[in-house]
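Trainee: Dropping a prediction and its sequence here:
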Amino acid sequence: MGRLVAVSNRVADPRNHAAGGLAVALSDTLNKTGGLWFGWSGKVVDASRGGTPGEGELHQIQAGNVTLATVDLSREDFESYYLGYSNGVLWPVFHYRVDLADFDSGGNLNAYRRVNQLFARKLAPLLKPDDVIWIHDYHLIPLAAELRAIGCGQRIGFFLHIPLPPRLILATIPQHEWLMRALFAYDLLGFQSHDDVEHFSRYVQGEAGAEPMGEYRFRAFHRTVRAQAFPIGIDVDEFIELGRADEARETYEMMRGQYARRRLLLGIDRLDYSKGLPQRLKAFQTLLAEYPENRSSATLIQIAAPSRESVDAYADLRRDMEGITGAINGEYGELDWMPVRYIHRSTARRRLPGLCRACNVALVTPLRDGMNLVAKEYIAAQDPEDPGVLVLSRFAGAAEQLKEALLVNPYDTRATAQAIQQALHMSLSERQARHQKLLERIRQQDVHWWSGEYLRALMETEGG
Ligand code: GDG
């Protein structure tokens, strides 16, 4: 295989432990293969400093065996491409939240196209003929089409980290035909789950008259594309190793010491409306109301890392969370016990395994999620002799694999509260049996399996 060129909206130094699902997974992959990682620098430059829309400056640095190449964005492109179209239209619709999408601003789509063209223009001169290009996520759907338009003939694959919704939900996006047609410029489309592939198949057959050609292939717009599920995993051994290091152990000891008489429940999420955080808090509130034996005992530690704070829906969510947390703590808190510990800050990655291991139950209850890596990290961090229990939303991509978790419908507050009660009182033998199965599953399809399978399929695929 030629050199791997990964492209994603944000680029991280793969030698550091990054936060965010995509950054963690791509860092693991690139550390192994070496290559080039291209994307936005994270810097926004103002017009007075030459930040003309669509004209970013290119920076290159070497990080071990990986070259990081990044471009800056103008303020206008950042606001319209990143906040406006990617996170104000595509993110909500792809997570089934049509009610939160802002379809009115046509300028945002122009910026989305402009930044994809900018990425194509800046990336093309860095490419070698036998490079294998792997483009990631919803910010960059039209990038292959833009690269093809300026003459790139390399193999190009795409992986969507978030869910692909059903046909009629996709069709709420005013430019959905253009967007979905752009996917046919790729050779291989990777999705998180079989449901996502099914949605793709129904959409392209129903809206674009695509012909299924067998072996996951579809033909439309004079091109053939292969579409397949590659559920993303974690680096299980690396996470276990991280759990043996000082900071994780200290965190574990500190939590066990501080909360010796309590039963701990854990949530770790970006503060995002797709993660079902208000519903989770309400389920916990119902637990305390309906199963009073948990009062003065069950404590929910909710880490909510700040995310996309300048998008309105995220600011609303933050206010909701503060309101619900205050209401629960006000109603049930005692001088020596607060039911919810809500932390609206990011936590160092090195502490996460200790935190996971110290908690009896993990609540991973998104309303919709492409995969959800926290569910897998929680499993990896457990002591197999005395493991905690995973309560998992059936609407997370991970639910297709992690069948031994307690699967819940997060919209059903009472049923979720019942599942939490079941988790808190599960026998040791049942916890061990479920954990053993779950650990096998995350080991079988870990992050190395994910990138290996994807790249093997991309190399096999006859494009065109
Ligand atoms: C997207 C898709 C898909 C979280 N809080 C902190 C922190 N994290 C880390 C977790 C985990 C990662 O960030 C989050 O990954 P998720 O998969 O849960 O969610 P998204 O960020 O929404 O990722 C998702 C993923 O892409 C990969 O394809 O699974 O469905 O939405 O690794 O541990 N890390 C640190 N501090 C925190 O406070 N350091």
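Mentor: In hand now; what should we look at? Numbering: from 1, shown residues only.
Trainee: dump the residue contacts of residue 411.
Mentor: With contact set as CB atoms under 8 Å, 6 or more residues apart in numbering, residue 411 has these partners: 279, 367. Quick note: C-beta positions are derived from backbone N, CA and C, even for glycine.
Trainee: can you check residue 185 too?
Mentor: Neighbours of residue 185 in contact, by CB under 8 Å, 6+ apart: 142, 144, 145, 147, 148, 156, 223.
Trainee: Surely residue 421 touches residue 289?
Mentor: No. Using CB atoms under 8 Å, residue 421 makes no contact with residue 289, being 11.7 Å away.
Trainee: of those two, who's got more company?
Mentor: Higher neighbour count among residue 421 and residue 289: residue 421, with 18 against 15, using other CB atoms under 10 Å.
Trainee: Name the SS class of the more buried one, please.
Mentor: Following DSSP: H, G, I helix; E, B strand; the rest coil, the label given to residue 421 is helix.
Trainee: for residue 299, same thing?
Mentor: strand.
Trainee: so where does residue 8 fall, helix or strand?
Mentor: strand 4-10 (DSSP states H and E).
Trainee: buried ones in that strand?
Mentor: 4, 5, 6, 7, 8, 9, 10 (16 or more other CB atoms under 10 Å).
Trainee: and the first one, what pLDDT?
Mentor: The pLDDT attached to residue 4 in the predicted structure is 96.
Trainee: looking at the sheet around the nearest residue to it once chain neighbours are set aside, what are its partners?
Mentor: Distance criterion CB to CB, 6 or more residues apart in numbering; nearest residue to residue 4, sequence neighbours excluded, is residue 35 at 3.7 Å. Note on residue 35: beta-bridge partners by DSSP bridges are residue 66.
Trainee: cool, the one 10 residues further on as well?
Mentor: Taking DSSP bridges, one finds residue 74 as the beta-bridge partners of residue 45.
Trainee: can you list the weak-confidence ranges in the protein?
Mentor: Within the chain, the segments meeting pLDDT under 70 span 17-21, 48-51, 463-464.
Trainee: So what are the structural domains in it, by residue number?
Mentor: 4-233+447-460, 236-444 (automatic domain parsing).
Trainee: Quick check: end-to-end length of the first one?
Mentor: Right, the one you point to is domain 4-233+447-460. 15 Å (CA to CA, to the nearest Å).
Trainee: other SSEs contacting the lengthiest helix in the chain?
Mentor: Across the chain, the longest stretch assigned as helix under DSSP state H is helix 312-332. Helices and strands touching helix 312-332, as assessed by 3 or more CB pairs under 8 Å, 6 or more residues apart in numbering; DSSP states H and E, comprise helix 277-290, strand 340-343.
Trainee: buried stuff in that helix?
Mentor: Buried residues in helix 312-332 (16+ other CB under 10 Å): 313, 314, 317, 318, 321, 324, 325, 328, 329, 332.
Trainee: does residue 371 count as helix, strand or coil?
Mentor: coil.
Trainee: With residue 303 instead?
Mentor: With three-state DSSP as the criterion, residue 303 reads strand.
Trainee: list the contacts for it?
Mentor: So residue 303 contacts 266, 267, 268, 269, 343, 345, 346, 347, 355 (CB under 8 Å, 6+ apart).
Trainee: do you know how far the residue nearest to the fourth one when sequence neighbours are not counted is from the ligand?
Mentor: Same thing as residue 269. Nearest non-adjacent residue to residue 269, counting by CB to CB, 6+ apart: residue 275, 4.2 Å away. According to CB to the nearest ligand atom, to the nearest Å, residue 275 stands 8 Å off from the ligand.
Trainee: Got phi/psi on residue 275?
Mentor: phi -90, psi 0 (degrees, to the nearest 10).
Trainee: do residue 39 as well
Mentor: phi 180, psi -160.
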